[in-house]
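Asker: after the sequence you'll find the predicted model.
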Amino acid sequence: MPGVVFRVRARDASARLGEIRTKSGTLETPVFFPVFNPNKPYLSPMEMSEIGAQTVMTNAYIIYRTPRLRERALEEGIHSLLGFEGVVATDSGAYQIYRYGDIEVTNLEIVRFQHEIGSDIGSIVDVPMADDIAREAAERGVEVTLRHAREWSEVRDSLRGTLWIGTPQGSVYGDLVERASREMASLDFDYYGVGSIKKSLESYDYATQVDHFLTVRRLIPRGKPVHFWGIGHPSTFALFAAMGADSFDSAAYALFAEDGRYMTPLGTMELSDIEEFPCSCPVCRSYTPRELMSAPRSERVRALAAHNLHVSIQEMRLVREAIRGGWLWELVQERVRAHPRLLEALLRLLERYGDYLEENEPFSKRSGLFYSGPETAMRPEVRRAVRLLKRVERGRTYEDPLFGPVPLGLRYTYPFGHAMIPGFREPPEDPTDREIVEAVLSYQFGPEALSVLEGRELVVSRSKRTGMPRDILIDGERFGFLRPYDGLVVLSLEGARRLLECLPRPSSRVVVHDRYAETVARGTSVFVRFVREVDPAVRPGSEVIIVDGSDNLLATGRAVLSAAEVPEFPAGHVFAKVRHHVLPRQNPSTMDWST
């Protein structure tokens, strides 16, 4: 996909398992950028890479202000200076503004410097803010941040090749944050940042971080990666990834090591309090806690930094695997039990931002839904399921402690038949084939879909191995099948034709521009630029019917993005993957892609 910087490969919660393409390689998201301070090199970038870091972040301002480093960076490039072949991101020095009030370089000077030394990902100078900043000072900081963003925009053509992060500011003043976010969004940065709110973060006020992040996240383009500055404790990665953060950076792994603190995914321990290391990384295999306490300080700090980085990178890998497997919310609910303030933040997220979360939540998952605490009832997929149940005729039902009365026909359908809830036992009755098909069609496509069954013979074949319902035949023709892992209907072309006759437009449809109709009819994925109209209810993973402007069937497929994301993703990103198509495939070498 030429020109697409960020590509989404899989979804769970509002997290994106994606790829960020840079000139030095591709990052798999969510990703952690360990910060390398040239003045405190406890671990070299090469050692970070050996531990598993995909990328490093360093401070361009520190390099700029240190003559020997600046000269080498300009002569050799940042990758050679650091001895790191992977992706290098640079901070503009904004954190120094927070710490010391000012920096001795202009925005354009440090922006151009980052480009000249070959940074893969650079940043403009924004003004980070604490939660106790006065409004007048916050207003001035927003003005400076926006002025710097406009300066970057005016010279962006000379800075191509580097991906640029723009970070709206405004502290706890929602109107300022909204103003900054809207203007930054209009400038079309490659990458957007959200600054963690200082002091609030240091006092474990994670709920404030949730409010700030979601205020920004809902106003910047969904098709761009989002970086959450200053987030470095592994216990927080799952929660903030589930909110939609694609990357994080921090020097916490080293700063905690300086203070003798040992990181775990469930919190932090003082090295002096540990009798037995609960980890099997190389550091923890090489020392006992007593031996490490007795080591020279430089050795102890270096070893702790290596351990802390191991834990951070391992947790980020676990977050990515949870996204692949569809169990990120379960991981979030487990991790937030590590600190009451994290649980408070999750409750804030689910209570205030449920509608936004539901727009991004996949319609179906391969995993089950595990009850992990009372807040499970507030999760977006549960709320959606309860809402969609209202369009299914009751008939015979069973009582579910999470969903309430559930039609018996949905007993094998995600999420109802795939939820593990303490104390719940399967209903003794088994649904009939007709109950299953009617309930699933209503739940998945709406009650109008039941028209396909009126006055017609319905036959459902069963798996010889499991005995579960599989193929759906209506009047002897294959309508589709019930997918084994979620019990939802996957349409055949004939099934799609029949549904088009009874579903009001644009229900379950992706309408493509007529100039792309033949391309899609021959099996090409539906790219964002192909989309003319889409059912607003389409979510990632929804089964969709793909038609032209005259409602002629072209293909069936599965959505990669939600309907709300279409206007905000690059034209070359895939919106839906085609499963069945009405025309035979064409040799790609003979196809005309000029349009």
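Answerer: On my side now, so go ahead. Everything numeric here is computed off the predicted structure, so don't read it as measured data.
Asker: how distant is the helix or strand that contains T208 from the center of its chain?
Answerer: Applying DSSP states H and E as the criterion places T208 in helix 206-217. Centre-to-centre, helix 206-217 and its host chain are 15 Å apart (Cα atoms, centre = their mean, to the nearest Å).
Asker: assign H115 to helix, strand or coil.
Answerer: Three-state call for H115 (DSSP: H, G, I helix; E, B strand; the rest coil): helix.
Asker: domains of this protein?
Answerer: For the chain, automatic domain parsing gives the domain ranges 6-351, 361-490, 504-590.
Asker: out of the ones you listed, nearest to R497?
Answerer: domain 504-590 (5.5 Å; Cβ to Cβ). For every residue, glycine as well, the C-beta is placed using N, CA and C.
Asker: count the neighbours of the closest residue to A257 other than its chain neighbours for me.
Answerer: Leaving out its chain neighbours, the residue that sits closest to A257 by Cβ to Cβ, 6 or more residues apart in numbering is L304, at 3.6 Å. The number of residues packed near L304 is 26, by other Cβ atoms under 10 Å.
Asker: any idea how far the host helix or strand of L304 is from the chain center?
Answerer: Using DSSP H and E, L304 sits within helix 297-325. From the chain centre to the centre of helix 297-325 is a distance of 20 Å (Cα atoms, centre = their mean).
Asker: got the angle between the helix or strand following it and helix 297-325?
Answerer: Downstream of helix 297-325, the next assigned helix or strand under DSSP H and E is helix 328-335. Going by axes from the mean of the first three to the mean of the last three Cα atoms, to 10 degrees, helix 328-335 is angled at 140 degrees with respect to helix 297-325.
Asker: quick one: average pLDDT of stretch 511-527?
Answerer: Taken as a whole, stretch 511-527 has an average pLDDT of 98.
Asker: likewise for stretch 421-438?
Answerer: Rounded mean pLDDT across stretch 421-438 is 93.
Asker: now do the end-to-end distance for that stretch.
Answerer: Using Cα to Cα, to the nearest Å, the end-to-end distance of stretch 421-438 comes to 26 Å.
Asker: in that stretch, what's buried?
Answerer: By 16 or more other Cβ atoms under 10 Å, the buried positions in stretch 421-438 come out as P431, D433, E435, I436, V437, E438.
Asker: kindly report the same for stretch 401-413.
Answerer: For stretch 401-413, by 16+ other Cβ under 10 Å, it's L402, F403, V406, P407, L408, G409, L410, R411, Y412, T413.
Asker: do the same with stretch 190-205
Answerer: By neighbour count with 16+ other Cβ under 10 Å, stretch 190-205 contains the buried residues 190-198, 200-201, 204-205.
Asker: could I get it in CSV with only the CA atoms?
Answerer: Below are the C-alpha coordinates for stretch 190-205, written out as CSV (Å, rounded to 0.1, in the frame of the first residue of the first chain):
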residue,chain,number,x,y,z
ASP,A,190,2.2,11.7,10.2
TYR,A,191,1.8,10.7,13.8
TYR,A,192,0.0,12.3,16.8
GLY,A,193,1.1,12.4,20.4
VAL,A,194,-0.8,12.7,23.7
GLY,A,195,1.2,14.2,26.5
SER,A,196,0.7,12.5,29.9
ILE,A,197,-0.4,15.0,32.5
LYS,A,198,2.6,15.6,34.8
LYS,A,199,2.2,15.4,38.5
SER,A,200,-1.1,13.5,38.0
LEU,A,201,0.9,10.6,36.6
GLU,A,202,3.4,10.8,39.3
SER,A,203,0.7,10.6,41.9
TYR,A,204,-0.9,7.6,40.1
ASP,A,205,-3.9,9.6,39.0
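Asker: quick one: it to chain centroid distance?
Answerer: Centre to centre, stretch against its chain (Cα atoms, centre = their mean), the figure for stretch 190-205 is 17 Å.
Asker: most distant residue from the middle of the chain?
Answerer: G455 (45.2 Å; Cα atoms, centre = their mean).
Asker: against L328, how distant is that residue?
Answerer: 45 Å (Cβ to Cβ, to the nearest Å).
Asker: just L453 next, same as before
Answerer: From L453 across to L328, the span is 36 Å (Cβ to Cβ).
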